[in-house]
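Chemist: please work out how this folds:
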Amino acid sequence: MRRFLSLIAVPILLAGCGSNESKTAETSSGEVVPASIQTVQPIEAPVYFEATGTVKARLNAILSSKVMARVSGVSVREGDQVKAGQTLVILDSRELSAAVEVARANLSASNVGVDNARTAHDMEVKTSAARISQAQAAVAQSRAALSAAQSRLDLALAGPRIQEKTQAHLAVEQAESSLKLAKVQLDRISNLVSQGAMPQKNLDVAQNAYDVALAQRDTAVQAEKMAQEGSRSEDIRAAREGVAQAQAAVKQAESNLAQAKAAALQSRVRAEEIRAAQAQVDQSAAALRSSEVSLGYASIQAPFDGWITQRAVDPGAMATAGSPLLTIEGGELRLEAVVPESVLPHVRLGDQVDVKLDALGNMVCKAAVAEIVPQGDMSTHSFVVKLTLPRTPGVKSGMFGRAAFLTGKESRIEVPAGSAWEREGLHYVFAVNREGVARLRIVTLGDSDGSKVVVLSGLSAGERIVTGDRSKVVDGVKVVSK
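Modeler: You can find the predicted model right below:
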């Protein structure tokens, strides 16, 4: 639109000032003015897209409390530099400390419960083992007694054997022989004593030996009679009663063993009590850890190196869970620029981009593309590109900045900045035609770097213009190159 208005204004402006310029040309007819003349040539120049954005810190955190407590102290203010782990806010921790002590006491009680359960289990195991061993010994003993009683019953029912009868008869004969020998010895010593040839004590010894032999003979005779007669009914009945008693003793011993083994199952109950007590210990330990973590919330530390940007609490205030206390920023500063999706293909991580911050004037710094946010704005189809700024004095978060992203190259015309001038809102240059006559030319200018200015329209490649000092150059004058 501006270019269109400029073209419309050309004949109007020339018509308005044609008489003056014609007069000047007429008064200067035949005069040749030396001037610096330059041929306009197109150049390949980079094309940039200027994206605007805001300076922000890489790290940003709003510190809040996780518990409700009164604020005891705040050690920082806005603008203070802090280190990671530095204590910033302290809360009243008396209730939290009491909760920790209660949890520790519960844990100690739970440990005592585990020890008691283990002791009871060990005692039950040992007692059960002793009872089982004793019952097993009683079973073995009663079974042995039953075998012995059964053997006695079998002997009673079978009666004496032939060998036993023969042995009993031989014992009687042996006893008779010993009695006869004792009788002969007694009679001989008796005669000698009566004659005074031997003392009385020898007679007493002989009499005693005789009495013993007589008793042994009578015992052997009785034993032979019993062997001949066989077992009596009373003996058989007694042997049977012994077997019955032994069988009852075996059953009782086996019952006692079964009871001992059943009682041993109580140890399983004790083992379950140990597991329950251990679970109580684990629960108490978890409660202690939880209370200790809650106690740690009474001291709020800086999560990273940075600086305080906002303080929202003072000592004495009540901090509630989730309520903001401090805002901290850290890490390098970044310019978060917004670029359209058409520019995004030209942006790569690590690219160096020229950045200007309005608050710092015309200073240009190089910033590296550190992050490209993958999710764009669906309404504007734009994306956020984060550029890491170099450490520069005066740069603060929240500043407005501009980033120039290289999007390609274009062919354009650049002229020295001093060759064009502005009058009544329009820009002019002196174009030199083939005859060497300087003519006013309205041009549309673009960006300028101070020494060069881009000509968007009004000049073509190959045309010549006056550069440098143009104080003596007027429209229609003939110029020659210096």
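
Chemist: can you map out the helices along this protein?
Modeler: Applying DSSP state H to the chain gives helices spanning 2-27, 94-158, 162-194, 200-229, 233-264, 266-296.

Chemist: so which of these is nearest Ser471?
Modeler: Nearest of those to Ser471, taken as Cβ to Cβ: helix 2-27 at 13.1 Å. Where C-beta positions appear, they are placed from N, C-alpha and C, glycine not excepted.

Chemist: what's Val477 sitting at in phi/psi?
Modeler: The phi/psi pair for Val477 (degrees, to the nearest 10) reads phi -80, psi 150.

Chemist: what's the neighbour count on the residue nearest to Gln216 when sequence neighbours are not counted?
Modeler: Take Gln216 and drop its neighbours on the chain: the residue closest to it by Cβ to Cβ, 6 or more residues apart in numbering is Ala175, 4.7 Å away. As a burial measure, Ala175 scores 21 neighbours (other Cβ atoms under 10 Å).

Chemist: hmm, Ala175 is touching Ala220, no?
Modeler: Yes - contact criterion Cβ atoms under 8 Å: Ala175 and Ala220 qualify, at 4.0 Å.

Chemist: quick one: low-confidence ranges for the stretch 201-350 of the chain?
Modeler: Scanning the stretch 201-350 of the chain for pLDDT under 70 picks out 226-232.

Chemist: measure stretch 361-377 end to end?
Modeler: Stretch 361-377 has its terminal residues 30 Å apart, counting by Cα to Cα, to the nearest Å.

Chemist: let me see the mean pLDDT of that stretch.
Modeler: Taken as a whole, stretch 361-377 has an average pLDDT of 90.

Chemist: tally of neighbours for the nearest residue to Ala249 once chain neighbours are set aside?
Modeler: Distances taken as Cβ to Cβ, 6+ apart place Ser142 nearest to Ala249, at 4.1 Å, with adjacent residues excluded. Applying other Cβ under 10 Å, we find 21 residues neighbouring Ser142.

Chemist: check Thr219 too.
Modeler: Residues near Thr219, counting by other Cβ under 10 Å: 13.

Chemist: nearest residue to Asp314 other than its sequence neighbours?
Modeler: Leaving aside its sequence neighbours, Asp314 sits nearest to Val74 (Cβ to Cβ, 6+ apart; 6.3 Å).

Chemist: make sure that neighbour is actually in contact with Ile308.
Modeler: No - using Cβ under 8 Å, Val74 is not in contact with Ile308, being 9.9 Å away.

Chemist: name the residues contacting each of those two.
Modeler: In terms of Cβ atoms under 8 Å, 6 or more residues apart in numbering, Val74 and Ile308 are both contacted by the residues 88, 326.

Chemist: quick one on the thing from earlier: tell me which of the helices of the chain sits nearest to Ser411.
Modeler: Using Cβ to Cβ, the helices of the chain put helix 2-27 closest to Ser411, at 17.8 Å.

Chemist: which other residues reach stretch 296-308?
Modeler: 57, 59, 61, 63, 65-67, 69, 76-93, 96, 325-331.

Chemist: could you redo the last one with a cut-off of 6 Å?
Modeler: For stretch 296-308, the surrounding residues in contact (Cβ atoms under 6 Å, 6 or more residues apart in numbering) are 59, 61, 63, 66-67, 76, 78, 80-91, 93, 96, 326, 328-330.

Chemist: now stretch 349-368
Modeler: Applying Cβ under 6 Å, 6+ apart, the external contacts of stretch 349-368 come out as 335, 369, 387-390, 392, 394, 399-404.

Chemist: in CSV, please show the C-alpha coordinates belonging to the longest strand along the chain.
Modeler: For the chain, the strand with the greatest residue count under DSSP state E is strand 42-64. Provided in CSV are the C-alpha atoms of strand 42-64 (Å, rounded to 0.1, in the frame of the first residue of the first chain):
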residue,chain,number,x,y,z
PRO,A,42,21.6,-6.9,-6.6
ILE,A,43,23.1,-9.0,-3.8
GLU,A,44,22.2,-12.2,-2.1
ALA,A,45,21.2,-11.3,1.5
PRO,A,46,19.9,-13.4,4.3
VAL,A,47,16.2,-13.2,5.2
TYR,A,48,15.2,-13.0,8.9
PHE,A,49,12.0,-13.4,10.8
GLU,A,50,11.8,-11.3,13.9
ALA,A,51,10.1,-13.1,16.7
THR,A,52,9.2,-11.4,20.0
GLY,A,53,9.3,-13.0,23.4
THR,A,54,9.8,-12.6,27.1
VAL,A,55,12.9,-13.3,29.2
LYS,A,56,12.4,-16.1,31.7
ALA,A,57,14.6,-18.2,33.9
ARG,A,58,15.2,-21.8,33.0
LEU,A,59,14.1,-22.9,36.5
ASN,A,60,11.1,-21.5,38.3
ALA,A,61,9.5,-22.8,41.5
ILE,A,62,6.8,-21.6,43.8
LEU,A,63,7.6,-22.9,47.3
SER,A,64,4.7,-23.8,49.5
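
Chemist: and it, how far out from the chain middle?
Modeler: Using Cα atoms, centre = their mean, to the nearest Å, the mean C-alpha position of strand 42-64 is found 37 Å from that of the whole chain.

Chemist: now it: buried residues?
Modeler: By 16 or more other Cβ atoms under 10 Å, the buried positions in strand 42-64 come out as 48-49, 51, 53, 55-58, 63-64.

Chemist: much appreciated, bye for now.
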